[in-house]
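Colleague: what's the 3D shape of this:
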Amino acid sequence: MADQLDTTPFPLAPGKPDDSCRCCDDADSAGRRDASAFDCCGGPAPAGADPWERPGYTVCGFVAEFVQTEAGPVPRISTKRSIADKAGALRVRLGIGRDRYRVSPGLYAVGRPDRQSPVLVTANYKLTFDALRRHLAAIDAWIMVLDTCGVNVWCAAGKGTFSTDEVVRRVESTGLAKVVDHRTLVLPQLGATGVSASRVRRRSGFSVAWGPVRAVDLPAFFRAGMKCDPSARKVTFSLVERIVLIPVELAAVPKPSLAVLAALFLLSGVGPWVFSLDAAWHRWLTAAAAYLAGVVSGGILMPALLPWLPGRAFSIKGALLGCVAGIVVAAASTNALGFWGWTAVIFFATAVSSHLAMNFTGATPFTSPSGVEKEMRSAIPLQAAAALAAVAAWIGSAFTI
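Modeller: Below is the predicted model:
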């Protein structure tokens, strides 16, 4: 989605508006564009194109058609994910283009909603948007997408983009009061930390009803008269839910790993001989194994074994696994490491594992935002100290062999 289009109520992507089409950026107070705005922006649609498309603009694949409302045209979206949607989700799960995976904020229609249909509020992170629409196959509803800068509901609420101000702003910009007769917004429970229901009502006239944690529970929520079963209020973090996060968290590891492994090669060659390529290679294998052991223990084993590891702090859980991993690497090494070599390997694996384990704090129900900040302030200096101690011990071990 081009950045220039992210604040429009129309799901148009990708492509950059032509500089001569300034009128395309003009909208009334409700965020609407009339036909003349599209006409002046490149003229009629190309032959065979969607009637809403214009040069530089492409209607998103999940849009089936546009429906007319008193607030202007609203895109009706499909509840089925296409191959492109699934491929995009896989790409984001692997950490590719995560910050750019978003949809345009605004109002959308699912099914055949009327003036009495519910209004669901969500974030403009496309993974969140897709998770919501795919569970609304049998529901006629309006979806109001907030501009959360491409961040999911839970994180956006903590960052302040899924907020009271944004809810009120989007109610006004979409002209929602002209679309529905009722005055109720259904917000996801995980957005509660960023939204004040009383302020939303006072400023917009719309009251807030808190929906379930998961979109899959929405059909039951509506069947029960917009009431949640207690189980739908609970945030889970099962083995599958933890494993799904691993590729995303490890996506940032390869790039710094190249620098780390290169530095370890140089450090491994330092000794009483000044610098030796032969020593660098043989000693580097052990150092690299310690680093990789730290990555595996902190980035894979820690989230998988999370409930069974002692302690509450993720940095401590990761440090424990890293220490064990370091001992295994040191014991398996064919090099004569000595005391300082063992110390370096264990400290290094522990520091790496502890740091990577801490990345999962923001994706779990185990910690609060303040708890995450507190842990980072105390853990990062210790991790850095352990890494520096490992470097000093590794260099020193070459002089004691």
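Colleague: Show me where the stretch 201-350 of the chain has its strands.
Modeller: Per DSSP state E, counting those that start in this stretch, the stretch 201-350 of the chain carries strands over the ranges 207-210, 270-271, 274-275.
Colleague: Identify each buried residue in the longest one, please.
Modeller: Yep, that's strand 207-210 we're talking about. Neighbour-count burial for strand 207-210 flags Val208, Ala209, Trp210 (criterion: 16 or more other CB atoms under 10 Å). All C-beta spots, glycine's among them, are computed from the backbone N, C-alpha and C.
Colleague: of these, closest to Arg233?
Modeller: Trp210 (8.7 Å; CB to CB).
Colleague: Tell me the bridge partners for the closest one.
Modeller: Leu187 (DSSP bridges).
Colleague: wait, isn't it in contact with Leu190?
Modeller: No: between Trp210 and Leu190 there is no contact under CB atoms under 8 Å: 9.6 Å.
Colleague: quick one, phi psi at the residue nearest to Ala215 when sequence neighbours are not counted?
Modeller: Spatial nearest neighbour of Ala215, chain neighbours left out: His135 (4.3 Å); criterion: CB to CB, 6 or more residues apart in numbering. Main-chain dihedrals, His135, degrees, to the nearest 10: phi -100, psi 10.
Colleague: would CSV of the strands of the stretch 201-350 of the chain with mean pLDDT and distance to Gly194 be doable?
Modeller: CSV is the format used below for the strands of the stretch 201-350 of the chain (pLDDT from 0 to 100; distance: least, CB to CB, whole Å):
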stretch, mean pLDDT, distance to Gly194
strand 207-210, 96, 12
strand 270-271, 92, 51
strand 274-275, 91, 54
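Colleague: Relative to Gly111, which of those strands is closest?
Modeller: Of the strands of the stretch 201-350 of the chain, nearest to Gly111 by CB to CB is strand 207-210, at 19.2 Å.
Colleague: by contact count, what packs against that closest one?
Modeller: Other helices and strands packing on strand 207-210, by 3 or more CB pairs under 8 Å, 6 or more residues apart in numbering; DSSP states H and E, are strand 184-187, helix 197-204.
Colleague: and among those, the most buried is which?
Modeller: strand 184-187 (a mean of 22; mean count of other CB atoms under 10 Å).
Colleague: Phi, psi for Arg102 please.
Modeller: The phi/psi pair for Arg102 (degrees, to the nearest 10) is phi -150, psi 160.
Colleague: what does the domain assignment say about the protein?
Modeller: Taking automatic domain parsing as the domain assignment, the ranges for the chain are 63-233, 239-398.
Colleague: Show the end-to-end separation of the first one, please.
Modeller: In other words, domain 63-233. 31 Å (CA to CA, to the nearest Å).
Colleague: didn't Asp85 look like it was pressed against Phe62?
Modeller: Yes: applying CB under 8 Å, one finds Asp85 in contact with Phe62, separated by 6.8 Å.
Colleague: shared neighbours of those two, anything?
Modeller: Residues within reach of Asp85 and of Phe62 at once, by CB atoms under 8 Å, 6 or more residues apart in numbering, are Asp130.
Colleague: right, so of the helices and strands packed on strand 207-210, which gets closest to Lys227?
Modeller: Here strand 184-187 is closest among the helices and strands packed on strand 207-210 (CB to CB), at 11.8 Å.
Colleague: In the longest helix along the chain, which residues are buried?
Modeller: Ranked by residue count under DSSP state H, the longest helix found in the chain is helix 369-398. Neighbour-count burial for helix 369-398, with 16+ other CB under 10 Å as criterion, is recorded at 372, 375-376, 379, 383, 386-387, 390-391, 393-394, 396-398.
Colleague: Pick out the most distant pair among those.
Modeller: Largest pairwise distance in those, by CB to CB, is 38.7 Å, between Val372 and Ala398.
Colleague: which outside residues touch stretch 201-217?
Modeller: 119-120, 131-132, 134-136, 164, 167-168, 171-172, 176-177, 183-190, 192, 195, 197, 200, 218, 220-221, 226, 228-229, 232-235.
Colleague: on that earlier part again, with respect to Leu285, which of the helices and strands packed on strand 207-210 lies nearest?
Modeller: Among those, strand 184-187 comes nearest to Leu285, with 53.7 Å by CB to CB.
Colleague: List of residues touching that closest one?
Modeller: 118-121, 144, 167, 171, 195, 200, 206-211, 226.
Colleague: Which of the strands of the stretch 201-350 of the chain sits closest to Asp114?
Modeller: Nearest of these (CB to CB): strand 207-210, 18.5 Å.
Colleague: Any chance you could give me the closest one in CSV, C-alpha atoms only?
Modeller: Extracted C-alpha coordinates of strand 207-210, given in CSV (Å, rounded to 0.1, in the frame of the first residue of the first chain):
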residue,chain,number,x,y,z
SER,A,207,-20.7,3.8,23.0
VAL,A,208,-18.1,1.0,23.2
ALA,A,209,-18.9,-2.7,23.5
TRP,A,210,-15.8,-4.9,24.1
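Colleague: hang on, isn't Tyr108 packed against Ser78?
Modeller: No: under the criterion of CB under 8 Å, Tyr108 is not in contact with Ser78, lying 10.6 Å apart.
Colleague: okay, the two: which has more neighbours?
Modeller: More crowded of Tyr108 and Ser78, by other CB atoms under 10 Å: Tyr108, with 26 against 16.
Colleague: one step back: so which of the contacts of stretch 201-217 are in helices?
Modeller: 131-132, 164, 167-168, 171-172, 176-177, 197, 200, 218, 220-221.
Colleague: Perfect, that will be all.
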